[in-house]
Each structure stands twice: as structure tokens, then as C-alpha cells.
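K.L.:
Next input, structure requested:
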Amino acid sequence: MAFFDIFRKKQQTASDPQEAEKRQEELSAGLEKTKTGLFSKLARAVAGRSTVDADVLDDLEEVLITSDVGVDTTVKIIRRIKERVARDKYMNTSELQSILREEVAELLEQAQGSAENFGLDAREGEPYVVMVVGVNGAGKTTTIGKLAAQLTKAGRKVWIGAADTFRAAAIDQLKVWADRAGATMIRQEMGSDPASVAFDTLSSAKANGADVVLIDTAGRLHNKIGLMNELTKIRNVMSKVIPSAPHEVMLVLDGSTGQNAFEQARQFTQATQVTSLAITKLDGTAKGGVVIGISDQFRIPVRYIGIGEGIDHLRIFDRKEFVDALFGDEKN
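P.N.:
This is a model prediction of the structure:
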């Protein structure tokens, strides 16, 4: 069972319309800078024009690229809109926002299509193991801490492995989060073998009936070969304790870095088998378009997005909620 199902089911079965509305308002507020930036550019692109023609599409292409959607995904969106224009012969610029909304929703649906297979290889009675990767400063440690807090609040026994042994600050910060969350943290001396920390964490978690294990890892990218070897070693060592571990390799990306997030995703997907994404710090940036582009280009499901400092502001990514927050509820 995927531990994320705890929250997904909670969201799906929420019967309080006020609570659902509150969640949507929080998400909309978290994406406000992205929304404002995108639609102010879009308004300028269609100002004084009545139909969607080649000039409008050229301007729309610039809007999407400068909103950090990414070149490849932008080209795909423009091509699909061109096909619609050719088919419909006449398209009013007032329709452009709803058309763009539909295309973005379709891309996200295709990219998130493998989401239902998440965690199916986890065996009943064994801890669910997540190896968390990402560059230093992306919000990796904070994401682990918030996940641990949410899981313990949901009644799960959580173990955290401090396998980023190259930074004392990372270990100390993780300890603060573990204590705050009520999770058990396994650590060794600074400079210890990260794979050894992972081995000890899984062994302890398995022996003590833990439900979830979150393994932090180093975020150095200056030596890609070294990173690849280190992550591979950690994976191999964990599988000696729990054969199917890790059940997830989650890459944490800082959404505020825009195109740099694409490069980080490229580097880490080359270094290890990334199976899910968490995109953080979306509330402080107008670069939220990276969610669309990264989802589309890497075809790796986005599991979480960060829209604020609070523990509850690390949210399960719901593509419909995201599109509604970005473009407005289609019923309105």
C-alpha cells in the first residue's frame, strides 16, 4: 500500500464543502504569483485582437516559455492549438484562456497517468520505503519533515534515515523535524557511509514494525558519476534488508528555480530511477509553470507541491485542483 493513499482517500472522501473550498482557496493563494504573471502576459498578447491567428500564437508561445513551461512542452501546446484553429477555421481570442486550460489539463492527465501504480510493490507487513533525492537547498529536508509530521498525525510509525552524512547541518535539521513530528531518526557520525545509515534505518524500522521509512540523501551534483554510484549503492544495500526497497525514489525540486529545475530533473533521472516528484516553494514564485513542463517532459508523476511554510502546505498534487487554481473553476 502506498502511504500517500492515506491523504488521497482523505481528500476524496471529504464531505465538508467548506473544507474543500478552503483547500482550493489555499492552493489558489499559493499559485497567485504564477497565475497573475501568466494571465497578465496573456492579456497583453491578445490585446486589440479578435481572432487567434499566427501572430497571436507566436505571442502565446513567448508567454508560455517566459512562464517556465519549457520549450518542448510549449511547442506541443502551440501545435495542438494550431490544429484546433485549423479545424474550427475561426477562433475568438476570448476563447483562448479556456482552450489553453483544456490543453494544460490534458497534458497533466497524460503525465500523471501512471499514478495509480504508485507503491504496488510494497508488501503487507513491511515498511514502505521512500528514498528522497534532490540538490541541497531544494527543500528536501523540509519535505521529509513535513511528510513525517503528516504521517505520524495519521497514526503511522515513521523512521527517518539521515543518509546525507556530508553536511552536519542537514543531520541537525532533520533531527529537529523528526522530534517535532514524533518520528524515529537513525543517524551516524558525520562522514559515515550513507549506505550504512540506510541499512541501519531499514533494519531498525523492520524490527520495530515501522510503517514508513524516509531516507534522506546527499544533494551534490558537481560529480554526477559519484552521485550515481552513491545512490546505486544505497539502493542495493536497502534491498538486502527489504528486497523491494526502495518502493519510491522521490525527487524534490525547487519550483522557484524555473529552468534550473528542469536541469536538476534531467541530472537526477540520469543518476537514478526517479519514480515521483515533489515540487516546492511554488508560493513564492511566478514560475509555477514548471509543474506543467516537468510533468510533461519527464512523465514522472508529481506527488506533492509546496505552497507555503506550514506542514499542511505540503499538498498532494491533484491535477484538477491545480488547473482550477491556475485558470479558475471552470464552473465559474
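K.L.:
Now do the same contact list for the residue nearest the centre of the chain.
P.N.:
The chain has Ala278 as the residue nearest its centroid, 2.3 Å off, counting by CA atoms, centre = their mean. Applying CB atoms under 8 Å, 6 or more residues apart in numbering to Ala278 gives the contacts 139, 143, 250-253, 302-306, 314. Bear in mind the C-beta positions are built from the backbone N, C-alpha and C, glycine included.
K.L.:
part of a helix, is Arg303?
P.N.:
No: Arg303 is assigned strand when assessed by DSSP: H, G, I helix; E, B strand; the rest coil, not a helix.
K.L.:
ok, it touching Val274?
P.N.:
No: the criterion here is CB atoms under 8 Å, and Arg303 misses it with Val274 at 11.1 Å.
K.L.:
Could you give the average pLDDT over the helix or strand where Leu202 lies?
P.N.:
Using DSSP states H and E, Leu202 sits in helix 194-207. Helix 194-207 shows a mean pLDDT of 97.
K.L.:
repeat for stretch 136-147
P.N.:
92.
K.L.:
How far away from the center of its chain is it?
P.N.:
Mean-position distance between stretch 136-147 and its chain equals 12 Å (CA atoms, centre = their mean, to the nearest Å).
K.L.:
ok, now stretch 319-332?
P.N.:
Distance, centroid of stretch 319-332 to centroid of chain: 18 Å (CA atoms, centre = their mean).
K.L.:
Can you give the contact residues for it?
P.N.:
Under the criterion CB under 8 Å, 6+ apart, residues 23-24, 27-28, 30-31, 34-35, 38, 97-98, 100-101, 104-105, 108-109, 112, 288, 291, 305 lie in contact with stretch 319-332.
K.L.:
Among the residues you listed, the buried ones, what's the ChimeraX command?
P.N.:
The ChimeraX selection below is limited to those of these classed as buried (16 or more other CB atoms under 10 Å):
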select :23,27,28,30,31,34,35,38,97,100,101,104,105,108,112,288,291,305
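K.L.:
Which ones among the contacts of stretch 319-332 map onto helices?
P.N.:
The members of the contacts of stretch 319-332 that map onto helices under DSSP state H are 23-24, 27-28, 30, 34-35, 38, 97-98, 100-101, 104-105, 108-109, 291.
K.L.:
sorry, back to before: what's the next secondary structure element after the helix holding Leu202?
P.N.:
For helix 194-207, the following helix or strand on the C-terminal side (DSSP H and E) is strand 212-216.
K.L.:
mean confidence for that following strand?
P.N.:
96.
K.L.:
Could you do stretch 265-284 as well?
P.N.:
On average, stretch 265-284 scores 90.
K.L.:
In that stretch, which residues are buried?
P.N.:
Of the residues in stretch 265-284, those buried (16+ other CB under 10 Å) are 265, 268-269, 271-272, 274-284.
K.L.:
Not counting its neighbours along the chain, what's nearest Ala178?
P.N.:
Met185 (3.8 Å; CB to CB, 6 or more residues apart in numbering).
K.L.:
hey, where'd the strands end up in the stretch 1-150 of the chain?
P.N.:
In the stretch 1-150 of the chain, the segments counted as strands under DSSP state E, counting those that start in this stretch are 128-133.
K.L.:
Equivalent analysis for the stretch 201-332 of the chain, please.
P.N.:
Secondary structure of the stretch 201-332 of the chain (DSSP E, counting those that start in this stretch): strands at 212-216, 248-254, 276-280, 302-306, 314-316.
K.L.:
how far away is the residue nearest to Ile294 when sequence neighbours are not counted from Val291?
P.N.:
Nearest residue to Ile294 in three dimensions, chain neighbours excluded: Ala265, at 5.7 Å (CB to CB, 6+ apart). For Ala265, the distance to Val291 equals 12 Å [CB to CB, to the nearest Å].
K.L.:
Repeat that for Glu126.
P.N.:
Taken as CB to CB, the span from Glu126 to Val291 is 32 Å.
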